[in-house]
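Requesting a structural model of the entry that follows:
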Amino acid sequence: MTKDRLTSLSDKLTGAKRLVIKIGSALLIDEDSDLRRDWMRALATDIVRLRDRGQEVVIVSSGAVALGAQALGTAGEKRRLQDNQAAAAVGQVRLAHAWQEVLADHDITVAQILLTLEDTETRRRYLNARDTVETLLSMGVVPVINENDTVATQELRYGDNDRLAARVAQMVSADCLIILSDVDGLHTKNPEADPDAQLVEIVDDINQNIVDMAGAPKKLSVGSGGMITKITAAKIAVASGCHVLLTNGTHDQPIARFEAGGRGTWFTAKENSVSQHKQWLAGTLTAAGKMFIDEGALAALQQGKSLLPAGVTSIEGDFQRGDTVVVIAPDGLERARGLAAYSSTEARKIMGHNSRDMEDILGYRGRGELIHRDNLVLH
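Reported below is the predicted structural model:
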């Protein structure tokens, strides 16, 4: 049974439309705080193979602080927050250039995106970041994402790129998040200290027992990870319907190696994870406005479609893009709520019109819906 499930999960990887690959500093940076360029080139071969079979790839890459510290001569020293911010500013240039270099060899264009915690936790900024990534992927570009450590404070930061990768996977609706680590996966005990430690190949429920297996966070010279941060990341990702694979990234072409029979741990997404997300959307966000719809729009929503401008008859309230609005049916009852794709000013201009007319009305090419079905929940 386990073998059959592992085969099924491996099919989730090969069949995923969109993948997020998280790469930690310990894999990118060697003991001398230099980039492992040969390893990066080998991983680039992996990325090319994924893209050749029609998969979109987003990279979440650490390493800026370590590279900057080496350039500034502060590697190995105890640094203040502002020292790390300065190191990140210097190192991010080197990191982005390295990714550009190894992927340019395969005629792949790279884009750099730096995010802060507020960019994924504030809905408006979240939508802006999501649209940027979506646009880049539609153009065949590989986004390389990192935390913006130059401005992040101790109080307002992800703290590790495992969590950032999970938020990115959630943001772009990735099918699978691959976390490349320096171990094969989650073990029942610390494999470095206990020879009886067994690899946990499938985790369906991230409960306290799983958390206890992870142990305490590591204290590393580069990076800020450890198994517990990967468990936390997996919990975030699977809640949004994204499967998570934790596998050993120290080898050349680690993804191809895993697909050829390598070891790893799968954290499985629940079948009802999307509805759980929508329940959170429906129950926790305060509505800033109302959209009144006709019978045709209501029927479309009940079929799982997005809310288009043509079906909206009137709008109440003053809201911005990303704010929560309620959807009122012809009988006067609230039938749905979701996140507005346009401000109330723009929505009033395009309501009642066909989506193909929106560019002429607004003066720019926008999204075709007022509320996308992924950001809408029916009552």
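
And the strands in the protein, which stretches?
Counting by DSSP state E, the chain has these strands, from start to end: 18-23, 56-61, 110-115, 142-147, 176-181, 202-203, 243-248, 264-267, 287-293, 312-317, 324-328, 334-339, 376-378.

remind me which residues of the stretch 51-200 of the chain are low pLDDT?
Applying pLDDT under 70 to the stretch 51-200 of the chain flags residues 121, 123, 152-159.

err, the stretch 201-350 of the chain, not the other one
Within the stretch 201-350 of the chain, the segments meeting pLDDT under 70 span 216-225, 271-286.

how about 80 then?
Filtered on pLDDT under 80, the stretch 201-350 of the chain yields the residue ranges 215-225, 239, 270-286.

And the helices in it?
Taking DSSP state H, counting those that start in this stretch, the helices of the stretch 201-350 of the chain run over residues 208-214, 227-238, 254-259, 273-284, 295-302, 344-350.

and K3, which of those helices is closest to it?
Closest to K3 of the helices of the stretch 201-350 of the chain is helix 254-259 (C-beta to C-beta; 15.5 Å). (Glycine included, C-beta is placed from N, CA and C.)

Which positions within the closest one qualify as buried?
Of all the residues in helix 254-259, those buried under the rule 16 or more other C-beta atoms under 10 Å are 254-258.

need the longest helix for this protein.
helix 81-104 (DSSP state H).

Please state the offset of that one from the chain centre?
20 Å (C-alpha atoms, centre = their mean, to the nearest Å).

Ok, stretch 241-261 next?
17 Å.

Could you export it as PDB, CA atoms only?
Extracted as PDB, the C-alpha positions of stretch 241-261 are listed here (Å, rounded to 0.1, in the frame of the first residue of the first chain):
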ATOM      1  CA  GLY A 241      -3.700  22.200  -1.400                       C
ATOM      2  CA  CYS A 242       0.000  22.000  -2.200                       C
ATOM      3  CA  HIS A 243       1.800  18.800  -1.700                       C
ATOM      4  CA  VAL A 244       5.300  19.100  -0.200                       C
ATOM      5  CA  LEU A 245       8.300  17.000  -0.900                       C
ATOM      6  CA  LEU A 246      11.300  17.200   1.400                       C
ATOM      7  CA  THR A 247      14.400  15.500  -0.100                       C
ATOM      8  CA  ASN A 248      18.200  15.600  -0.100                       C
ATOM      9  CA  GLY A 249      19.500  18.400  -2.300                       C
ATOM     10  CA  THR A 250      23.200  17.900  -1.700                       C
ATOM     11  CA  HIS A 251      23.700  15.700  -4.800                       C
ATOM     12  CA  ASP A 252      23.900  16.900  -8.400                       C
ATOM     13  CA  GLN A 253      20.500  17.100 -10.100                       C
ATOM     14  CA  PRO A 254      18.600  16.300  -6.900                       C
ATOM     15  CA  ILE A 255      15.100  16.300  -8.400                       C
ATOM     16  CA  ALA A 256      16.100  13.900 -11.200                       C
ATOM     17  CA  ARG A 257      17.800  11.700  -8.500                       C
ATOM     18  CA  PHE A 258      14.600  11.600  -6.500                       C
ATOM     19  CA  GLU A 259      12.500  10.700  -9.500                       C
ATOM     20  CA  ALA A 260      14.800   7.900 -10.300                       C
ATOM     21  CA  GLY A 261      14.100   6.300  -6.900                       C
END
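
got the contact list for the longest helix of the chain?
28, 35, 37, 40-41, 43-44, 47, 59, 61, 63-72, 74, 79, 109-110, 112, 114, 142, 144, 146, 148-154 (C-beta atoms under 8 Å, 6 or more residues apart in numbering).
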